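**Q** test case, fold it:
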Amino acid sequence: MAAGCGPGVLAAAGPTEIVSDVENGMLWQNPAEMQAATLRLIYDDALRQNLSVNAVRRSREFDKAHTVARLGELVS
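**A** Got it, this is the predicted structure:
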């Protein structure tokens with residue numbers, strides 16, 4: 001995500017806490033949905049661009065500076 005690649009992930013448990021469908025990545029629940037999401041990404045340039053920008057933005061919430069600041073808030 002930090003490199004601008006919006007992930008395509010199984011819509012279950014942990015990944016759904018990080019990835020928001022069609023905002024910063026693509027969620028799917030079965031092979032047919034995965035195929036549809038992949039085809040959509042192939043043909044929709046605007047969607048790919050938006051996912052890329054939003055993936056970078058979301059990844060910053062997990063960088064070292066943000067994590068250290070958040071930890072400081074929790075322990076103070």
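**Q** number of nearby residues for Met1?
**A** 21 (other CB atoms under 10 Å). C-betas here are computed from N, CA, C, even on glycine.
**Q** same thing with Ala11?
**A** 14.
**Q** from Val22, how far out is it?
**A** Noted for Ala11: a distance of 12 Å to Val22, by CB to CB, to the nearest Å.
**Q** equivalent analysis for Arg40, please.
**A** Relative to Val22, and taking CB to CB, Arg40 is found at 9 Å.
**Q** hey, what's in contact with both of the two?
**A** Leu47 (CB atoms under 8 Å, 6 or more residues apart in numbering).
**Q** longest helix anywhere in this structure?
**A** helix 45-59 (DSSP state H).
**Q** chain center to it: distance?
**A** The gap between where helix 45-59 is centred and where its chain is centred comes out at 8 Å by CA atoms, centre = their mean, to the nearest Å.
**Q** quick one: mean pLDDT for the following helix or strand past it?
**A** Counting by DSSP states H and E, the next helix or strand C-terminal to helix 45-59 is helix 64-75. Average pLDDT, helix 64-75: 92.
**Q** run through who's touching helix 64-75.
**A** Here helix 64-75 has contacts from Arg60, using CB under 8 Å, 6+ apart.
**Q** list the contacts of the closest residue to Ile18 other than its chain neighbours.
**A** In this structure, Ile18 finds its nearest non-sequential neighbour in Arg58, 7.1 Å apart by CB to CB, 6 or more residues apart in numbering. Applying CB under 8 Å, 6+ apart to Arg58 gives the contacts Met1, Ile18, Ser20, Asn24.
**Q** circling back: then the longest helix of the chain to PDB, C-alphas only?
**A** Output of helix 45-59 as PDB, limited to C-alpha atoms (Å, rounded to 0.1, in the frame of the first residue of the first chain):
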ATOM      1  CA  ASP A  45      -8.000   3.500 -15.000                       C
ATOM      2  CA  ALA A  46      -9.700   6.100 -12.700                       C
ATOM      3  CA  LEU A  47     -10.400   3.400 -10.100                       C
ATOM      4  CA  ARG A  48      -6.800   2.100 -10.200                       C
ATOM      5  CA  GLN A  49      -5.600   5.700  -9.700                       C
ATOM      6  CA  ASN A  50      -7.900   6.400  -6.800                       C
ATOM      7  CA  LEU A  51      -7.000   3.100  -5.100                       C
ATOM      8  CA  SER A  52      -3.400   4.000  -5.500                       C
ATOM      9  CA  VAL A  53      -3.700   7.400  -3.900                       C
ATOM     10  CA  ASN A  54      -5.900   6.200  -1.100                       C
ATOM     11  CA  ALA A  55      -3.700   3.100  -0.400                       C
ATOM     12  CA  VAL A  56      -0.600   5.400   0.100                       C
ATOM     13  CA  ARG A  57      -2.700   7.600   2.400                       C
ATOM     14  CA  ARG A  58      -4.000   4.700   4.400                       C
ATOM     15  CA  SER A  59      -0.500   3.200   4.700                       C
END
